[in-house]
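[1] For reference, the sequence and a predicted model appear below.
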Amino acid sequence: MGQTILTVSELKTFYRTRLKENVHAVDGVSFTLEEGKILGIAGESGCGKSTLALSVMGFYFPPLNFKSGSIVIDGIDIMKLSREDLRTKVLGEEIAYIPQSAMNALNPTKRVGKFIEDILREHRPGLSQEQMQRLAAERFEILNLPTRALTAYPNELSGGMKQRVVIATSTILNPKVLIADEPTSALDVSSQKIAIKLLKSLLAKGFVKSMLFITHELPLLKHVADDVMIMYAGQIVERGRIDEVIFKPMHPYAQALMGSIIVPESDIRGHRLSSIPGAPPNLKNEMKGCRFADRCIHTVDECRKEEIPERARGERTIRCLFDFDYQSEETAHERR
Amino acid sequence: MNGDSSIVLEGRKLNRQFGFGRNRFFAVSDVDFVFRSGEIISIVGESGSGKTTLAKMIMGLLKPTSGEVMFRENPRSLRTKADREEYWKSVQGIFQDPFSSFNQFSKIQTLLLDCINLLKLKLSEEEKMNMMREACGFVNLEFDELYNKYPFELSGGQMQRLMIARIFILKPKVLIADEPTSMIDACSRATILDMFLKLRKQNDMIIVFITHDLGLAYYVSDTIYIMEHGKIVERGNAATILESPVHSYTKRLLADVPKLKEAWDLG
Ligand SMILES: Nc1ncnc2c1ncn2[C@@H]1O[C@H](COP(=O)(O)OP(=O)(O)OP(=O)(O)O)[C@@H](O)[C@H]1O
Ligand SMILES: Nc1ncnc2c1ncn2[C@@H]1O[C@H](COP(=O)(O)OP(=O)(O)OP(=O)(O)O)[C@@H](O)[C@H]1O
Ligand SMILES: [Mg+2]
Ligand SMILES: [Mg+2]
């Protein structure tokens, strides 16, 4: 097993809204990330994946607040650093973040090569203009972007190229951890494939040491990630090897999620997809017991009594009191 | 879906060009289509193939450079405000970018109330609240959690589901859904698809999915149109097209989709 790069323990963070309510979007998340690995994060929309990504960066600004827990990157607890150290030594250097829809948020008035130069000027003040341009050109080449793209404006590039510019820019300082939040969901299948190939090559070449990959596209994740965490209402409900979790999920929410995957493979047409009635819990409320209890078909009184701890089941970690096995596909998907 | 359902919308040689002279460029070229009552159609193609441009022309938000849209077998007219209101009561859309299609400075309940008011029904405040609550419930959103919030305080997927909640209020005859579930998890997507299918059953709604998600197209649609560089290159029965594609472009699209059982060639 590779060296552990990132260790997050019992992280709790919340939004303080204008209406003075607290939204507990990350509510006790722990995980580790090893060198050379891609860890996927999937879960219901609104469950806190993007907030987890932001929170792991350690740089909080309103309305997001840190409550408790620790984030250790390469032995350093970044929550103990000063804000200034965090900004200059950790962000971009140790850990980099590609926000959801970053490619549509590129400053339209700047040539794309400038994005990289701006970062280098701040973090590598010793470099000459030429050296910076060379670095930018090299990274563009690795990401299969034509050199002419350096002098283009964002709106002159296709979606797939814009996303590659975002990837080039956010990884220029060779971070140990790259967090990519839905990096391919705005791309069509062909550009998606190219972007994935390039992200994987950045990891293989050591420009980034590990990756957190947030997506709701589980078939894609199957080919990208080593491990996956399934998130529900601010918590991780299952973690394990990607193939195991996709084909044999253990947590009832994960089981519902996997039962609803659609792929263009011949046996999918006419299959009933599993869907869950009801809505996820309101993250404003203090919650006791299992967050999924209201929508789970197996719920008993015990589920609501107290906080459900994470526990190991084989190589898996799950947050459920019981051992439910996934039904075989034939029974899970009754023919329509 | 049977062959003799009535034709609701028809496109005849629709073209749309952008730019002039040397910059002239055809985003949509000579597209024909026939949508019948209760039919589910997917228009599939890569980014830039002209899907959104075609969708906007169907919705009457963009004028075709040439060609004609027939609505209930008559040439569609959008000349007067009354014409347009009439058309948009029947033909509604869900747009690709949920954030840009809502006013960021209106609260969530205002966005939904605007929809309810379009229906021009006499409803009490309480009935309106119930309607909003029900519409949110349809898409697994908790209305009370959204109340008084602004669009920028929602996650991407929550925003997209809110757009879909509008459809449950408006119940149009034709729904044009441009990448409606691109930001939504598989499970919520299944719920939403179920709801769409129910709406189709209730009022024979036509659903046009605009997507590059061949899995979705394969799972839900009766008919698929494959679009490349503004042209329809292959069309027909969904199962036939995806089980035995003929055009090389369709084959490539299909090969590029990551699947669960087959390998995904990243070479
Ligand atoms: N600025 C904010 N103020 C208050 N609440 C917020 C804010 N941003 C997000 N939230 C809430 O926090 C929760 C988690 O949101 P987050 O964006 O992390 O979800 P997500 O899992 O990334 O969803 P998606 O898959 O849709 O992107 C949601 O309930 C959301 O409404
Ligand atoms: N208003 C416009 N002016 C000029 N060109 C345009 C305009 N709208 C679209 N285009 C061009 O028309 C082509 C088709 O665009 P369209 O948005 O219809 O593609 P699409 O298939 O919806 O792509 P995507 O999957 O990325 O949404 C593109 O090359 C686009 O740049
Ligand atoms: Mg998100
Ligand atoms: Mg489009």
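    Thanks, I have the structure now. Ligands and ions are numbered 1, 2, ... in the order given.
[2] Helices of the chain, residue ranges please.
    With no chain named, the answer covers chain A. In chain A, the helices defined using DSSP state H lie at A:49-56, A:83-85, A:112-123, A:129-142, A:159-170, A:189-204, A:218-224, A:242-247, A:252-258, A:302-305, A:329-332.
[3] other chain: chain B
    Along chain B, counting by DSSP H, helices occupy B:51-59, B:81-90, B:108-118, B:125-138, B:143-146, B:156-170, B:186-203, B:214-220, B:238-243, B:248-256.
[4] Please identify which of those helices is closest to chain A.
    helix B:156-170 (2.3 Å; Cβ to the nearest Cβ). All C-beta spots, glycine's among them, are computed from the backbone N, C-alpha and C.
[5] Do any residues in that closest one lie close to chain A?
    Yes. Judged by Cβ under 8 Å from any Cβ of the partner chain, helix B:156-170 comes into contact with chain A at B:156-158, B:160-161.
[6] For that helix, which helices and strands make contact with it?
    With contacts defined as 3 or more Cβ pairs under 8 Å, 6 or more residues apart in numbering or on different chains; DSSP states H and E, the packing partners of helix B:156-170 are strand B:91-94, helix B:108-118, helix B:125-138, helix B:186-203.
[7] quick one, which of the ones you listed is packed in tightest?
    strand B:91-94 (a mean of 22; mean count of other Cβ atoms under 10 Å in any protein chain shown).
[8] Please enumerate residues in contact with it?
    Applying Cβ atoms under 8 Å, 6 or more residues apart in numbering or on different chains, the contact partners of strand B:91-94 are B:9, B:55, B:58-61, B:71, B:163-164, B:166-167, B:170, B:172-178, B:180.
[9] Give me the buried subset of those.
    B:9, B:55, B:58-60, B:71, B:163-164, B:166-167, B:170, B:172-178, B:180 (16 or more other Cβ atoms under 10 Å in any protein chain shown).
[10] so what's A:Gln192 up against?
    Counted by Cβ under 8 Å, 6+ apart, A:Gln192 has contacts A:184, A:220, B:256.
[11] quick one on the thing from earlier: out of the residues of helix B:156-170 next to chain A, which is nearest to ligand 1?
    B:Gly157 (2.9 Å; Cβ to the nearest ligand atom).
[12] For A:Ser50, see how far away the closest one is.
    10 Å (Cβ to Cβ, to the nearest Å).
[13] Please identify which of these two sits among more neighbours.
    Comparing B:Gly157 with A:Ser50 by other Cβ atoms under 10 Å in any protein chain shown, the one with more neighbours is B:Gly157, at 28 against 22.
[14] coming back round to it: going by distance to ligand 3, which of the residues of helix B:156-170 next to chain A wins?
    B:Gly156 (5.4 Å; Cβ to the ion).
[15] out of the helices of chain B, nearest to A:Ile76?
    helix B:156-170 (31.8 Å; Cβ to Cβ).
[16] So is that closest one next to ligand 1?
    Yes. On the criterion Cβ under 6 Å from any ligand atom, helix B:156-170 is in touch with ligand 1 at B:156-158.
[17] Any idea which of the residues of helix B:156-170 next to chain A the model trusts least?
    Ranked by pLDDT, these bottom out at B:Gly156, which has 72.
[18] what sits against the closest residue to A:Gln129 other than its chain neighbours?
    Counting by Cβ to Cβ, 6 or more residues apart in numbering or on different chains, A:Gln129 lies nearest to A:Glu117, which is 7.9 Å off, once chain neighbours are set aside. Taking Cβ under 8 Å, 6+ apart as the criterion, A:Glu117 is in contact with A:129, A:132-133, A:136.
[19] before we move on, the earlier item: out of the residues of helix B:156-170 next to chain A, who's nearest ligand 2?
    So of the residues of helix B:156-170 next to chain A, ranked by how close each gets to ligand 2 (Cβ to the nearest ligand atom), first place is B:Gln160, at 14.6 Å.
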